[in-house]
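S.K.: any chance you could fold what I've pasted below:
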Amino acid sequence: MATFSLSSTSRHPRFDTIIGLDVSGKLFYCRKSTLLGENTTSYFAARFGPDSMMDPQRDRIDSNDREIYFIDRNPELFKHVIEYLRMLKLPAGLGTFQQNPNLWRAMRDEAVFYALDE
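M.R.: Take a look at the predicted model:
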């Protein structure tokens, strides 16, 4: 399981701003530092991190002047991904593999996509 501490980079105001993630039409808000954590090889580090060479491709600005970024993934699965990033443990709503094998398989695919499967 991943460990977490706020590095000096993630505490920098540029990385602690609140942004919106439009996941196939459902909006999630979080701090950039929540997305970045300590995993320097994740999808989020590649898209939003300090060493990113990629343009994060902001899609729009909301009414509170927060940046919104589109992610073309399943929002019902993403709610578990964002909860994991916030708490750094598996969300209780997942149940067990025996109770929800299809959900666990889908979440494994999400972990691979977001490169959270270290």
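S.K.: ok so residue 45 is a strand residue?
M.R.: No - checked against DSSP: H, G, I helix; E, B strand; the rest coil, residue 45 lies outside a strand; its state is helix.
S.K.: who touches it in this structure?
M.R.: Counting by C-beta atoms under 8 Å, 6 or more residues apart in numbering, residue 45 makes contact with 36, 39, 51-52. All C-beta atoms are positioned from the backbone trio N, CA, C, and that covers glycine.
S.K.: one more time with 6 Å, if that's ok
M.R.: residue 36 (C-beta atoms under 6 Å, 6 or more residues apart in numbering).
S.K.: need the residue closest to the centroid of the protein.
M.R.: The chain has residue 35 as the residue nearest its centroid, 4.5 Å off, counting by C-alpha atoms, centre = their mean.
S.K.: strands along the protein, start to end?
M.R.: Under the criterion DSSP state E, the chain carries strands at the ranges 18-23, 26-31, 58-61, 67-71.
S.K.: please identify the most buried of those.
M.R.: Highest mean neighbour count of the strands of the chain: strand 18-23, a mean of 19 (counted as mean count of other C-beta atoms under 10 Å).
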